[in-house]
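Student: My questions concern the predicted model and sequence given below.
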Amino acid sequence: MTQPFHVRIEDLKWRDAELPNHGDRVSARADAAGKAFFLETFGCQMNDHDSERVAGLLLSRGYREVETPEAASLILYNTCSIREKAAQKVFSRLGEYREKQSEGKVIGVLGCVAQQEGEEIFKRAPWVSLVCGSASYRKLPEMLAQLEAGNQRVTGLDTDTDETFETEVTRRDNPWRAYLTIIEGCDKACSYCVVPFTRGPERSRASDPILREVRQLAALGYSEVQLLGQTVNSYADPTARKMRFSELLLAVAEVPGIRRVRFTTSHPSDFTPDIVEAIEQQPKICDHVHLPVQSGSTRVLRAMQRTYSRQGYLEKIAMMRGANRPIAITTDIIVGFPGETESEFEQTLSLLNEVQYDSMYSFKYSPRPNTLSLSMSDSISEEEKSRRLGVLQNRQREIQAAKNARLVGSHFEILVSGKSRRDNQWSGYTTSHRMINFASQERALLGTYVQVRVTGASPNSLVGEHAA
Ligand code: 5AD
Ligand code: SF4
């Protein structure tokens, strides 16, 4: 396996210019001129980061990245199948690409829909040449070589693997915050979820290469690292060092140059006191935990196979609320799981009242292929699911409006990551992942850390002023 070596595009160009043999350089460029790729990504942060790694892999093989499918000879579509709508979108998008193949372009499907539909994609969209799930990305160089050699159809569909996707080069989208996958796949078996089928079994990366990568990232100027995994806190170091997740968080935070460490998504069952202790003792570990609850009813949680009860979940919340540093808590909720009664839905509403989440992602239950809940009876009508979703979102909006209003007057440090086209308007995130918009006459704030005083609040964001 190759050692991960992550660089940004600017550094890639620099490396290219440093090639020892001028002849090689010319031929590498001439080769690259014919091979341009366009990569479109849908879905979660794991998918975003997979695409960064796939793009890095292609760049290191001499491809160029372009902004439109028209300018590309290779069109890749990294897909999501978590809910039915997302998966349907793939086939309508592939339809748009249909005529592109007749122009000699190669079209490939990556990610969860690729894994889920497999060779079926060739039947539904015969103009596709490559189908590859995320557990097979390490085979992409081989697959690309087969395509370059004129092969019409290549697939990578194994999930039976204990390997992780190690790339020599990652082309990162954000110049300040770097995503870093520490655990791939999922060993939980939530009855509604396709992820264990589309991403395969849980595989943790070894702690040493993770820490080496963090040091490389810091040397390249990244100050914020976000550790990723479907169940990031289930991390189990496969090496003799056997670092616990909380120890890894602390070790990442200690790397010189790193100012913020985030992590997502945590599973409540593996959320242990040592993680809260790490947040308490190390301010560089962000005071934000995304802890999806999915439902406030123990009966529904059992049917979902979530492995915890309402009470058990609330104990984890109490543990965080007892920390000596306030921790922002966000969640995911599904409404309309098969058989969810009105009173069970109301238990979810009462959980919102009890926990007072800082933010929430909410979804209507969507039946997915292969999952256990697919065959469960008592499905809830679309109309009722929409009603429940609306009620839930209104409730959460009120909670956020009240919580954010209480923040007016407080000071936060933010990492400035956005600049609006309107003059002097900037935005950035606090360690607790609150977005703040603020005005400043300064010219070059992007990527810097500034102090902001909150002057106004809405349910989803805060307004502030640059405070020195
Ligand atoms: N239907 C609706 N929402 C789902 N999620 C996962 N599977 C489904 C499904 N079948 C939601 C969960 C998860 C988030 C990423 O997506 O809330 O935490
Ligand atoms: Fe899906 Fe459950 Fe695994 Fe999350 S923990 S990815 S919801 S199976």
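Tutor: Perfect, I can see it now. Numbering: from 1, shown residues only. Ligands and ions are numbered 1, 2, ... in the order given.

Student: Could you list the low-confidence segments of the stretch 1-150 of the chain?
Tutor: 1-34, 100-102 (pLDDT under 70).

Student: ok and the residue in it nearest ligand 2?
Tutor: Of all residues in the stretch 1-150 of the chain, the one sitting closest to ligand 2 is Ile82 (8.1 Å; CB to the nearest ligand atom). Every residue, glycine included, has its C-beta placed from N, CA and C.

Student: One more: the stretch 351-468 of the chain?
Tutor: Ranking the residues of the stretch 351-468 of the chain by distance to ligand 2 (CB to the nearest ligand atom) places Thr371 first, at 9.0 Å.

Student: ok, back up a step: what about the residue of the stretch 1-150 of the chain closest to ligand 2, how many residues nearby?
Tutor: If you count neighbours by other CB atoms under 10 Å, Ile82 ends up with 20.

Student: so what's it up against?
Tutor: Listed by CB atoms under 8 Å, 6 or more residues apart in numbering, the contact set of Ile82 reads Gly43, Cys44, Cys112, Cys193, Val194, Val195, Ser366, Arg368.

Student: so it sits in a strand?
Tutor: No. Counting by DSSP: H, G, I helix; E, B strand; the rest coil, Ile82 is not found in a strand; it is coil.

Student: mind checking how far it is from Val194?
Tutor: Counting by CB to CB, to the nearest Å, the separation of Ile82 from Val194 is 7 Å.

Student: Now list whatever residues contact both of the two.
Tutor: With CB under 8 Å, 6+ apart as the test, Ile82 and Val194 both reach Cys112, Arg368.

Student: how many other residues sit next to the closest residue to Ser366 other than its chain neighbours?
Tutor: Nearest residue to Ser366 in three dimensions, chain neighbours excluded: Arg83, at 3.9 Å (CB to CB, 6 or more residues apart in numbering). Applying other CB under 10 Å, we find 17 residues neighbouring Arg83.

Student: Just confirm Arg83 contacts Pro367, I think it does.
Tutor: No. Judged on CB atoms under 8 Å, Arg83 makes no contact with Pro367 at a distance of 9.5 Å.

Student: before we move on, the earlier item: spit out the contact partners of the residue nearest to Ser366.
Tutor: By CB under 8 Å, 6+ apart, the residues touching Arg83 are Phe363, Ser366, Arg368.

Student: so which of those is the most crowded?
Tutor: The residue in the contacts of Arg83 with the most neighbours, by other CB under 10 Å, is Arg368 (20 neighbours).

Student: and that one, how far is that from ligand 1?
Tutor: Separation of Arg368 from ligand 1 (CB to the nearest ligand atom, to the nearest Å) stands at 5 Å.

Student: Repeat that for Thr264.
Tutor: Applying CB to the nearest ligand atom to Thr264 and ligand 1 gives a distance of 10 Å.

Student: List the residues that contact that residue.
Tutor: Thr264 neighbours (CB under 8 Å, 6+ apart): Gln45, Gln226, Leu227, Leu228, Val232, His290.

Student: For those, give me TSV that also has neighbour count, secondary structure and distance to Pro238.
Tutor: Listed next are the contacts of Thr264 as TSV, based on neighbours: other CB atoms under 10 Å; DSSP: H, G, I helix; E, B strand; the rest coil; distance: CB to CB, whole Å:
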residue	neighbour count	secondary structure	distance to Pro238
Gln45	13	helix	23
Gln226	19	strand	21
Leu227	23	strand	16
Leu228	22	strand	17
Val232	25	helix	16
His290	20	strand	25
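
Student: Which one of the residues you listed is nearest to Leu94?
Tutor: The closest of these to Leu94 turns out to be Gln45 (CB to CB; 23.6 Å).

Student: Provide a list of residues in contact with that closest one.
Tutor: Contacts for Gln45 (CB under 8 Å, 6+ apart) come out as Tyr179, Gln226, Leu228, Thr264.

Student: cutoff 6 Å now
Tutor: Leu228 (CB atoms under 6 Å, 6 or more residues apart in numbering).

Student: Offset the numbering so it begins at 35, please.
Tutor: All right, first residue 35 from here; so that's Gln79.

Student: Next to ligand 1, which bits of the stretch 235-384 of the chain? Give me the list.
Tutor: Residues of the stretch 235-384 of the chain lying near ligand 1 by CB under 6 Å from any ligand atom: Pro326, Gln328, Asp366, Ile368.

Student: Same list (those residues) but as CSV, adding neighbour count.
Tutor: As requested, these are arranged in CSV below (neighbours: other CB atoms under 10 Å):
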residue, neighbour count
Pro326, 20
Gln328, 24
Asp366, 14
Ile368, 25
